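>>> what follows is a predicted structure for the sequence shown.
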Protein chains: 2
Amino acid sequence: MPLLVVGSVAYDTVRTSAGLRKDALGGSATYFSISASYFSTVGLVAVVGQDFANSDIDLLRSHEIEISGLEIRQGKTFRWSGEYGAEDINTRDTIDTQLNVFGEFSPKLSDVQRGSEYLFLANIDPSLQLDVLGQMSQRPNLVALDTMNFWIDGGIESLYRVVENVDVLFMDEGEIRSFTGEINLVSAARKVMETGPSVVVVKRGDHGVLLFQGDDVFSAPAFPLESVIDPTGAGDCFAGGFMGYLAATGDLSNTGFRRAAMAGTVMGSFAVESFSVDRINLLGKNDIEERFRTLTKIMAFEPLAEGESLPWRY
Amino acid sequence: MPLLVVGSVAYDTVRTSAGLRKDALGGSATYFSISASYFSTVGLVAVVGQDFANSDIDLLRSHEIEISGLEIRQGKTFRWSGEYGAEDINTRDTIDTQLNVFGEFSPKLSDVQRGSEYLFLANIDPSLQLDVLGQMSQRPNLVALDTMNFWIDGGIESLYRVVENVDVLFMDEGEIRSFTGEINLVSAARKVMETGPSVVVVKRGDHGVLLFQGDDVFSAPAFPLESVIDPTGAGDCFAGGFMGYLAATGDLSNTGFRRAAMAGTVMGSFAVESFSVDRINLLGKNDIEERFRTLTKIMAFEPLAEGESLPWRY
């Protein structure tokens, strides 16, 4: 298995300024694996209840996602309900969380899964993330981790223990500030890199991402969209594009990471164009490459040539 | 006069997480003209009181800023006092505003000033901005305007009248949303362009800028800084670099505007590295060009070559 994700599969009820969508397919591992599946073979480890729809299993299968690790337990699937700010789509309130079978999630990797070369630990209890890492039969080429404020506020010690064992840390601005106690993002990223990860990706919603690797910084803007329907899953689709690109190319150079951030940005931009996985579910090669090329143009300018100067008055 | 700015010269008292600075040189026209002066000859039209320090006049003169339009009136110089959020440096509260002589500001342009080829209407009463525009002996090559929420909430009709007569509008995210009633920035920029301006620059603080020109979008990140002392004047220094670059090169193509946004980003990044004009006051050619080249690297990635594909699973 080149790329494995361990995370949540859920039914989400989401309200945004575009409307309300009830009990629709969501969850970090869902978004991640669909996004990554365009680039790489991907296996999913998660748990759902007996209410999980066959049509949703078919949807995952249609992306050739390896779902032998999708455990079906007695009980109901994880349900999350939230609402995004009408004025600022980067802010959201959780209305309700019903863990259901996800509350007893205890991932057990198969032999094939233990040998995965790329591993994404999506946002789950850090002690489970650490447990999964311990199950690997060999150190993967690359381990990436996502988390959220809940684990920073509630389980920071076990979070530190797993973070020091991963290569890539994904966090949003607020999370990395809480996690490190540093307001400044450059300082915060440096502090994280001192604990273990060699790459830090700061997600800034519709302001794009910053990629830190040692002293190197790469800044990618979000893709400017006229219609944003629902931001749920954007970060996981970003991570899916990022890790899928790396797993498919095996390019772990700085050049590879920068391109991975671009691929991630493109995939995240599709995620927000619909509720649930509606848009990310139906992409073609051309959709993805066209947007990658458009994003390239959006970031393009004429650099100073060797020996060229800016106009100078004096 | 290639480039003229009409705006405020002030004494600012500013508190940030880095400390407190009392009664230091500030004001939109001050920041703008110092920033632009590295690229282009610049003239300043503003009003100060009799308390305005000779050393500050010397400082403006040291940048060869043409200050015959700096009126010295009976009374005190405009004073502004504000405080920036310790958690989020993009937010600020105004503690106190004393308009003093700025309350009676009534800009009168000299014959030379009326012939300026580039005009920046900094953040003042829109009816004064309109009056200045009416004083021009010929339509400048480029007229740009900055404003703030105060004029959007309080004088939106006269603001609309001046906006429809300018080429470039600078606004921050909150301002353009209030001004247009559109939450989405792409829609908001389009709405502004329908009223007159051909270029819209959305300033996003430490998240960079978006430059809209017709259907074209350019996104420039902020320069990632480990030490941010005081954001006051960053937007005006951005505009100074932007307009200074255009006035010096005369390049009003899309390529020119994109490079102008890069020059503006570089100048804005220096502004925040100190209180008042301390840092922006003391730049060398190398400081500016080195940062321009570093910013170029921060935005660089390997684009898809003609005919090249992203990895594709299917």
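In hand now; what should we look at?
>>> hmm, who's touching the least confident helix or strand in chain A by mean pLDDT?
Lowest on mean pLDDT, DSSP states H and E among the helices and strands of chain A sits helix A:149-154, with a mean of 86. If you take CB atoms under 8 Å, 6 or more residues apart in numbering or on different chains as the criterion, helix A:149-154 is touched by A:123, A:125, A:126, A:159, A:174, A:175, A:178, A:179. (Each C-beta comes from the backbone N, C-alpha and C, glycine too.)
>>> go through the next helix or strand after it and flag the buried ones.
The helix or strand immediately downstream of helix A:149-154 is helix A:156-163, counting by DSSP states H and E. Counting neighbours by 16 or more other CB atoms under 10 Å in any protein chain shown, one finds that the buried residues in helix A:156-163 are A:158, A:159, A:161, A:162, A:163.
>>> any chance you could map the strands in the stretch 51-200 of chain A?
With strands called from DSSP state E, counting those that start in this stretch, the stretch 51-200 of chain A shows them at A:66-73, A:79-84, A:92-98, A:118-121, A:142-146, A:168-172, A:199-203.
>>> now do the third one: everything it contacts.
Residues lying outside strand A:92-98 but in contact with it, judged by CB under 8 Å, 6+ apart, are A:13, A:15, A:76, A:78, A:79, A:80, A:81, A:82, A:83, A:84, A:85, A:231.
>>> quickly run through the sheet partners of it, with directions.
Strand pairing for strand A:92-98, using DSSP bridges, gives strand A:79-84 (antiparallel).
>>> mean confidence score for the partner strand?
On average, the pLDDT along strand A:79-84 is 96.
>>> re earlier: tell me which two in the contacts of strand A:92-98 are the farthest apart.
For these, the farthest-apart pair by CB to CB is A:76 and A:85; their separation is 28.7 Å.
>>> distance between stretch A:284-300 and the chain's centre?
Centre-to-centre, stretch A:284-300 and its host chain are 20 Å apart (CA atoms, centre = their mean, to the nearest Å).
>>> averaged pLDDT, that stretch. What do you get?
Averaging pLDDT along stretch A:284-300 gives 97.
>>> who touches that stretch?
A:38, A:220-221, A:223-224, A:262-263, A:265-267, A:269-270, B:217-219, B:258, B:299, B:303-304, B:309-310, B:312, B:314.
>>> rewinding a little: is there a quick ChimeraX command that grabs whichever of the contacts of helix A:149-154 are buried?
The following ChimeraX line selects those of the contacts of helix A:149-154 that are buried, judged by 16+ other CB under 10 Å:
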select /A:123,125,126,159,175,179
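>>> from the contacts of helix A:149-154, pick the one nearest chain B.
Nearest to chain B, judged by CB to the nearest CB, of the contacts of helix A:149-154 is residue A:174 at 9.2 Å.
>>> tell me the residues of the stretch 51-200 of chain A that contact chain B?
By the rule CB under 8 Å from any CB of the partner chain, the part of the stretch 51-200 of chain A lying against chain B is A:64, A:86, A:87, A:89, A:177, A:183, A:184, A:185, A:186, A:187, A:190.
>>> select only the buried ones of these in ChimeraX?
Burial among these is assessed by 16+ other CB under 10 Å; the matching ChimeraX selection reads:
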select /A:89,177,183,184,185,186,187,190
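>>> quick check, nearest of the residues of the stretch 51-200 of chain A next to chain B to chain B?
Closest to chain B, out of all of these and judged by CB to the nearest CB, is residue A:186, at 4.3 Å.
>>> quick one: contacts for the closest one?
If a contact means CB under 8 Å, 6+ apart, then residue A:186 has A:212, A:217, B:224, B:225, B:226 as its contacts.
>>> residue A:256: what secondary structure?
Look at residue A:256: counting by DSSP: H, G, I helix; E, B strand; the rest coil, its state is helix.
>>> next up, the contacts around it.
Residue A:256 is in contact with A:245, A:246, A:249, counting by CB under 8 Å, 6+ apart.
>>> got JSON lines for the contacts of strand A:92-98, with distance to residue B:106 and neighbour count too?
Listed next are the contacts of strand A:92-98 as JSON lines, based on distance: CB to CB, whole Å; neighbours: other CB atoms under 10 Å in any protein chain shown:
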{"residue": "A:13", "distance to residue B:106": "58", "neighbour count": "17"}
{"residue": "A:15", "distance to residue B:106": "51", "neighbour count": "18"}
{"residue": "A:76", "distance to residue B:106": "71", "neighbour count": "17"}
{"residue": "A:78", "distance to residue B:106": "65", "neighbour count": "25"}
{"residue": "A:79", "distance to residue B:106": "64", "neighbour count": "19"}
{"residue": "A:80", "distance to residue B:106": "59", "neighbour count": "20"}
{"residue": "A:81", "distance to residue B:106": "57", "neighbour count": "17"}
{"residue": "A:82", "distance to residue B:106": "53", "neighbour count": "19"}
{"residue": "A:83", "distance to residue B:106": "49", "neighbour count": "16"}
{"residue": "A:84", "distance to residue B:106": "46", "neighbour count": "20"}
{"residue": "A:85", "distance to residue B:106": "42", "neighbour count": "13"}
{"residue": "A:231", "distance to residue B:106": "48", "neighbour count": "20"}
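>>> please report phi then psi for residue A:235.
Dihedral angles of residue A:235 (phi, psi; degrees, to the nearest 10) stand at phi -70, psi -40.
>>> now residue A:313
Per degrees, to the nearest 10, the backbone of residue A:313 is at phi -70, psi -40.
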